[in-house]
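Colleague: sequence below, structure please.
(one chain, ligands or ions: 3)
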Amino acid sequence: MNILDLDCGNTRLKWRLMREGELRQSGAVDNTGCCTSMLRQIADVLCDQPARCRMSSVRAQEINEVIETTVFDIWDIKVERPVKREYLGGVRLIGVDPAMYGEDRWLGLLAARAVIPARPLVVVDSGTALTLDVIDAEGGFKGGLIVPGISLMLKSMADNADRLLIPEQRHFRRGLGLKTVEAMQFGVASMAAALIEKEYEFLGEGAAVVMGGGDATVLAELVTIPVLHLPDLVFEGLAIALP
Ligand SMILES: Nc1ncnc2c1ncn2[C@@H]1O[C@H](COP(=O)(O)OP(=O)(O)OP(=O)(O)O)[C@@H](O)[C@H]1O
Ligand SMILES: CC(C)(CO)[C@@H](O)C(=O)NCCC(=O)O
Ligand SMILES: [K+]
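Modeller: Numbers count the residues shown, from 1 in each chain. Ligands and ions are numbered 1, 2, ... in the order given. Purely as a prediction, here's the structure:
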């Protein structure tokens, strides 16, 4: 059976086509424009008709409804959405309002815990926003942090300072920059990396860091601590929440 998975973020919509647990196709489309045309773009390249569609989304309800209608129009299937549960897959949501808590964050916890059970975890998802979520060795949610992602930090500087422009080429490093674009990029990358290292150190012995999201490749290289890079954090969580 072919399953179309959608990870609808604030910047990009990531998709993949699975068949009996095997990846067949994947891609990403810009998610800032019209959702109908974005789904038609996916339909144009999809090699097979999906029999199911699972979606994680952090977009507004109206947008999700348009996506659901369009998926039904194109493939004649109903979009399945994960429902946050207080306890699932060894992860216990404690002290959060499940209705408010981002479903990408929850799915990230499920995916990370499935790979590294029984250890305290810092789960980092670095997209438009960079989120860090912590669970203890028993899988109990301890809380999280939400900060701007590295592209958003660059954009907000460029939007608010006349002499700061969005760098044309992506180049991230720890250390000091000489040129303006380096100072900006090394600055935001160092901020993100240092925050991840700090939370890891705070958890102490036995903890692990799991990273996913669009900027995880960059950040995993820059941090000075061991990290497990799981590029498909949200998709893996989606498969756990909606088997
Ligand atoms: N090819 C690419 N196109 C766009 N962004 C990319 C690309 N490669 C890496 N990125 C980085 O990934 C980030 C987007 O990450 P990602 O796609 O995980 O999240 P998103 O679509 O913004 O959604 P969300 O954060 O809401 O899950 C961008 O801010 C950018 O810095
Ligand atoms: C924080 C983001 C934007 C990260 O994608 C998303 O998880 C979200 O919109 N969350 C809702 C608020 C919350 O998680 O508490
Ligand atoms: K500017």
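Colleague: number of nearby residues for the closest residue to ligand 2 within the chain?
Modeller: Proximity of the chain to ligand 2 (C-beta to the nearest ligand atom) peaks at Gly102, 2.0 Å away. Where you see a C-beta, it was placed from the backbone N, CA and C, and this is true even at glycine. By other C-beta atoms under 10 Å, the residues close to Gly102 number 18.
Colleague: how about it, nearest residue that isn't a chain neighbour?
Modeller: Distance criterion C-beta to C-beta, 6 or more residues apart in numbering; nearest residue to Gly102, sequence neighbours excluded, is Val58 at 5.6 Å.
Colleague: the helices in this structure, which residues?
Modeller: Applying DSSP state H to the chain gives helices spanning 35-45, 61-75, 103-115, 150-160, 180-203, 216-222, 233-241.
Colleague: and the shortest one with ligand 1, contact?
Modeller: This means helix 216-222. No - between helix 216-222 and ligand 1, judged by C-beta under 6 Å from any ligand atom, nothing touches; the nearest distance is 7.5 Å.
Colleague: same question, the longest one
Modeller: No - against ligand 1, helix 180-203 shows no contacts by C-beta under 6 Å from any ligand atom, the least distance being 10.0 Å.
Colleague: helices or strands next to that helix in the packing?
Modeller: For helix 180-203, the packing partners by 3 or more C-beta pairs under 8 Å, 6 or more residues apart in numbering; DSSP states H and E come out as strand 121-126, strand 129-135, strand 141-148, helix 150-160, strand 208-212, helix 216-222.
Colleague: deepest-packed of those, please.
Modeller: Ranked by mean neighbour count, those are led by strand 121-126 with a mean of 29 (mean count of other C-beta atoms under 10 Å).
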